[in-house]
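# No sequence on hand, only this structure:
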């Protein structure tokens, strides 16, 4: 009896071992190469082995006229262009609504990069600005909505009026930057001509007119769909669109997170593909694998680690370009009294291993940040401003001068941001060397943003990107005293004055000088630890061309094509 | 039986009321102003006030509760902060995807767990029992996320046997005509067999992920319950009077073990209906779990509240069904008194 039990046990063990060996045999020879990430997350690493990519992609290449499949990290929640929405929605609404102006592009490393110059977009034939700042726009008579109706100046002015008057619209936030405070600034001249008359000329006017939120909406349709409670038909346009942009909405399956876009027959410009399918794949690892497998053509929102791995795959192109994005750690003195001491904040800024973070956490997909005026932003003068570099001796010296003894502080990190979690470990180690014990607290995204918004977090990661690449616009949100998004909570009255002045300054030299002073103040205040400026990036199948990066960094579809 | 059912339904309605009350008040004590959340990050104080008035957020709590309940009984679960759409509509749009996934997963879990549990119980200490116990331990300790990742990596990307984790159907594929919302069933009903086949292919990996892990508690419960039955006096008596081994196992052993087994299956099914957020996220599965994940990520409290209430109601309904099953399995329950076995 005992013998029989023992032999049964051995049989079980043998079977189990066989199972493990079979699983192991199916494994990837290269799985241990590359990263030292946990086993569960380094799965994509293995797929860079050409032998393993006997996947359908290689054999079932899509026909050139098939729609291009774009996968985004978020779902598409709202199509109304004047409401806040997910990043996926911004990509779709950019395809549906064409702004009045567009950037001038130059191709660099395979990417159409927007320059600082602007030109009339396809829906205009001309654009002119008078000395007093009045802008005159003339619409292209061939430009039509997806319904086939012509785009008129009434439609364009209705869109402008709606954006400033509708209670739910967030666009009134933008108008102060272009010195417009009421809809009386917008005037119809004739069917194809209209004007915008700001209170004064501004540096940002041209840039703002390239934003998708200034794409015409058909007035007659909006009026027909309006109700007493919803006079601008926001409810209707939340789920419907009569496109003025390069694409028309074919289908939106909200539950499946899929949008099908067809070229807009009324679009006067060129569309390089037969259509776009946008599909939400929330997990970045799966998006990367689906791209390698040929299931999708374009993957957006991939973290640096995956981008680095994809660079080794011959079937995939990884595009990246410097951005004005800013990644920083907010130092909130309201939540941690020791952070009220400027010398402590400066010491912390000196202790950070900036280059190590760029190399090991961002895998090179980042530039030094400097300050809120990042190293790739117009008017950046980091050296003159004395931006922080890693200097432990200086850090220790400043800590000693501060009179603050060793203390503990919590560093909050978003659950969804792996790179921030990795960076937190580097920062924890660096700050421990000057007597600051950092406790890393990984929070669910919703809880993180809730606590950050209510200023409960002492130290927290934050990534910010301002459309338009403008230093004063960026500083308004993140550094102005009392601004909702000044999460670090610092306040410098002189900086506020500089921001106010620089926003409307049109002379480049004066803007430069003001910006330098602002950068010096931000370095001295050290309200934030400016970690890095993450690159813009996009990964595509190797036969996809026409990748575009504009002021907004929202994926653009109309130039994408196969081969 | 009718009285038993009436009693169970009465208790269920009270339970649902309790769930709604608790969820309503929990959502309102969560930090963060609902009007500010809805207005967006840069809203003016005037706009926030306007929204608060529009949604009655400044009304006394009791008044808000009455309004909410009157909406609830009419099927109004509020409007999503994230999408501006009615929460109930959004949940109902996504429920079939979750139901289809849960249904196939529970079938697979039962197909693995029940026969293996009976077999293991009938051959205690044998190699079959050992394998069953190893599987139970592996299944119990295996994280859904991890198993899902392994399956995706090997079977979708390395071997190419199954499609990648991109939802219920291939990108751009037209779903079958909607009748039940379950693609495999709708494909059959509408004669679109290729849609059914494709839907099954996309279901395979998430179903196996859930089915394998959830087979473990069923297996353990079946094994333990059948062993207990087989060691009971009435089975010993049956053996003594010469009842066949098969009859003892399936009639005396398994049938008498059904109550705890049905309970476990009910718990597992309830978990699948509301708790497969991870699997839905991983496989881009457009069900209520992914909806809840998106709601949590964006602090969409209205949607989250609707999701919790819906899952609560589903649990209650499931419990009623289980109670009815108890009554059918065991006459003592429907008679409400002890009956000698």
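Structure's in. What do you need? As the structure is a prediction and not an experimental result, all values here were calculated from the model.
# which element is the residue nearest the centre of chain B on?
With distances taken as C-alpha atoms, centre = their mean, the residue of chain B nearest its centroid is residue B:273 (2.1 Å). If you go by DSSP states H and E, residue B:273 is part of helix B:258-275.
# what stretches of chain B score poorly on pLDDT?
Within chain B, the stretches with pLDDT under 70 are B:30-33, B:41-42, B:274-275, B:333-341.
# where does the stretch 1-150 of chain A dip in pLDDT?
For the stretch 1-150 of chain A (pLDDT under 70), the answer is A:1-62, A:64.
# Please repeat the previous calculation with a cut-off of 90.
Along the stretch 1-150 of chain A, the model assigns pLDDT under 90 to residues A:1-65, A:73-75, A:84-87.
# Please parse chain A into its domains.
When chain A is parsed with automatic domain parsing, its domains come out as A:68-277+A:537-562, A:326-534.
# could those domains go into CSV alongside distance to chain B and mean neighbour count?
Every residue, glycine included, has its C-beta placed from N, CA and C. Shown next, in CSV, are those (distance: least, C-beta to the nearest C-beta, whole Å; neighbours: other C-beta atoms under 10 Å in any protein chain shown):
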stretch, distance to chain B, mean neighbour count
domain A:68-277+A:537-562, 4, 20
domain A:326-534, 4, 19
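# how about those in CSV, adding distance to residue B:228?
CSV is the format used below for the domains of chain A (distance: least, C-beta to C-beta, whole Å):
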stretch, distance to residue B:228
domain A:68-277+A:537-562, 45
domain A:326-534, 42
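# got a list of what the closest residue to residue A:435 other than its chain neighbours touches?
Spatial nearest neighbour of residue A:435, excluding adjacent residues (C-beta to C-beta, 6 or more residues apart in numbering or on different chains): residue A:406 at 3.8 Å. Residue A:406 makes contact with A:435-437, according to C-beta atoms under 8 Å, 6 or more residues apart in numbering or on different chains.
# Restricted to helices, list the residues you listed.
Counting by DSSP state H, the contacts of residue A:406 place none of their members in helices.
# Surely residue A:226 touches residue A:234?
No: counting by C-beta atoms under 8 Å, residue A:226 stays clear of residue A:234, with 9.2 Å between them.
# shared neighbours of these two, which are they?
By C-beta under 8 Å, 6+ apart, no residue touches both residue A:226 and residue A:234.
# ok so, going back, what element comes up after the helix holding residue B:273 heading to the C-terminus?
Remark: after helix B:258-275, the chain's next helix or strand is helix B:277-282, criterion DSSP H and E.
# how far does that next one sit from the chain's center?
13 Å (C-alpha atoms, centre = their mean, to the nearest Å).
# Provide the contact partners of the helix or strand following that helix at residue level.
Following helix B:277-282 in sequence order, the next helix or strand is helix B:288-297 (DSSP H and E). By C-beta under 8 Å, 6+ apart, the residues outside helix B:288-297 that reach it are A:75, A:282, A:416, A:444-446, B:80, B:82, B:90-91, B:94-95, B:97-98, B:274-281, B:284, B:300-301, B:303-304, B:307, B:310-311.
# next one: stretch B:264-273
Stretch B:264-273 has contacts (C-beta under 8 Å, 6+ apart) with B:98-99, B:101-102, B:105-106, B:109-110, B:210, B:214, B:217-218, B:221, B:311, B:314-315, B:318-319, B:321-322.
# Just the ones of the residues you listed in strands?
Secondary structure from DSSP state E places none of these in strands.
# Buried among those residues? Need that as a selection in ChimeraX.
Restricted to buried positions by 16 or more other C-beta atoms under 10 Å in any protein chain shown, the ChimeraX selection for the contacts of stretch B:264-273 reads:
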select /B:98,99,101,102,105,106,109,110,210,214,217,218,221,311,314,315,318,319,322
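# Intersect the contacts of stretch B:264-273 with the contacts of chain A.
Among these, no residue lies close to chain A (C-beta under 8 Å from any C-beta of the partner chain).
# Among the contacts of stretch B:264-273, which lie within helices?
Mapping those onto helices (DSSP H) picks out B:98-99, B:101-102, B:105-106, B:109-110, B:210, B:214, B:217-218, B:221, B:311, B:314-315, B:318-319, B:321-322.
# Quick one: mean pLDDT for stretch A:497-513?
Regarding stretch A:497-513, the rounded mean pLDDT is 94.
# gap between the two ends of it?
End-to-end span of stretch A:497-513 (C-alpha to C-alpha, to the nearest Å): 13 Å.
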